[in-house]
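Chemist: this is a predicted model, with the sequence first.
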Amino acid sequence: MERLEGRVALVTGAASGIGKATARRLADEGAAVLLTDVNESLGATTTEELRAAGAKVDFLRHDVASEADWEAAVAKAVEEFGGLDIVVNNAGMGDLATIEETSLEDWQRTIAIDQTGVFLGMKTAAPHLKASGHGSVVNISSIFGTSGGFGTSPAYHAAKGAVRTLTKNVALHWATEGVRVNSIHPGFIDTPILDTARGTPFEQVMLDLTPMGRLGRPEEIAAGVAYLVSDDASFVTGLELYIDGGYIAK
């Protein structure tokens, strides 16, 4: 099934994890995809892997907190693939520090990447998304954009909560301009970021907090993205889609 044939997507944080799975899924559905990430070597490796599987993809090093980097990324997608129809704001970072332990520098860096990066992505891509005729943005928030989690990671929670409401705000602004904007809120997903938790009590805590009793797979988030950016979701905007094994339902 190639629901995205002829469309161009830009996926941030695409070198690994959810971003990589999303880039692969969008390419499998027919889109040309520009993968971006700050990890240049891993991004290049992922791009070659996808190309070997027949995907139409390219890679650009991209710090999402940089307006100049965003301008370069959007320009590359447009110049190389002929336009820009889809933006997936996936790049992010976080930690487990408490409010007392969080330095101003760490706070500002997390907000810059997780929140300001999403703002810059939508702002920079706006003219091309509007010209597309079927523009679509998916912002990757988190279950912690809605819940207080463990009482740690205040910068991450603040940023992901902002992404949730920013998504709705821009969805309303663009509602009559042919651009849909939605957010996805993953639960605990089995990506390399959780490697340090393997075999620790924290891994069991994540499983215990998830009613389905397992970690999610990156491909399950990618499937949600593919739906939201496709014409199957043509009447869907401002939605917050939870792919969390039931975490928020409790």
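Modeler: Received the coordinates, thanks.

Chemist: tally of neighbours for the residue lying closest to Thr22 once chain neighbours are set aside?
Modeler: Closest residue to Thr22 apart from its sequence neighbours, by Cβ to Cβ, 6 or more residues apart in numbering: Ala222 at 4.4 Å. C-beta: built from backbone N, CA, C; applies to glycine. Per other Cβ atoms under 10 Å, the neighbour tally for Ala222 reads 26.

Chemist: dihedrals phi and psi, Ala222?
Modeler: phi -60, psi -40 (degrees, to the nearest 10).

Chemist: was I right about it contacting Asp28?
Modeler: No: using Cβ atoms under 8 Å, Ala222 makes no contact with Asp28, being 9.3 Å away.

Chemist: picking that back up, so what's the residue nearest to Thr22 up against?
Modeler: When contacts are counted by Cβ atoms under 8 Å, 6 or more residues apart in numbering, Ala222 touches Ile18, Ala21, Thr22, Arg24, Arg25, Leu26.

Chemist: now, which of those residues lie within helices?
Modeler: Ile18, Ala21, Thr22, Arg24, Arg25, Leu26 (DSSP state H).

Chemist: most surrounded residue in these?
Modeler: Neighbour counts for those (other Cβ under 10 Å) peak at Thr22, which has 31 neighbours.

Chemist: so which residues of this structure form helices?
Modeler: 17-28, 40-52, 67-81, 104-111, 117-132, 154-173, 201-209, 218-229.

Chemist: of the ones you listed, flag the one that's most buried.
Modeler: Stretch with highest mean neighbour count among the helices of the chain: helix 17-28 (a mean of 25; mean count of other Cβ atoms under 10 Å).

Chemist: which helices and strands does that one pack with?
Modeler: When contacts are defined as 3 or more Cβ pairs under 8 Å, 6 or more residues apart in numbering; DSSP states H and E, helix 17-28 packs onto strand 8-12, strand 32-37, helix 40-52, strand 86-89, helix 218-229.

Chemist: 10 Å instead, please
Modeler: Applying 3 or more Cβ pairs under 10 Å, 6 or more residues apart in numbering; DSSP states H and E, one finds that helix 17-28 makes contact with strand 8-12, strand 32-37, helix 40-52, strand 57-61, strand 86-89, strand 135-140, strand 179-186, helix 218-229.

Chemist: by mean pLDDT, flag the weakest helix or strand of this protein.
Modeler: The weakest-scoring helix or strand in the chain, judged by mean pLDDT, DSSP states H and E, is helix 201-209 (a mean of 91).

Chemist: got the CA positions of that one in PDB?
Modeler: This file holds the C-alpha atoms of helix 201-209, laid out as PDB (Å, rounded to 0.1, in the frame of the first residue of the first chain):
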ATOM      1  CA  PRO A 201      13.900  -2.000  38.700                       C
ATOM      2  CA  PHE A 202      13.000   1.000  36.400                       C
ATOM      3  CA  GLU A 203      12.300  -1.400  33.600                       C
ATOM      4  CA  GLN A 204       9.800  -3.300  35.700                       C
ATOM      5  CA  VAL A 205       8.200   0.000  36.800                       C
ATOM      6  CA  MET A 206       7.500   0.900  33.200                       C
ATOM      7  CA  LEU A 207       6.000  -2.500  32.500                       C
ATOM      8  CA  ASP A 208       3.900  -2.300  35.700                       C
ATOM      9  CA  LEU A 209       2.600   1.100  34.700                       C
END
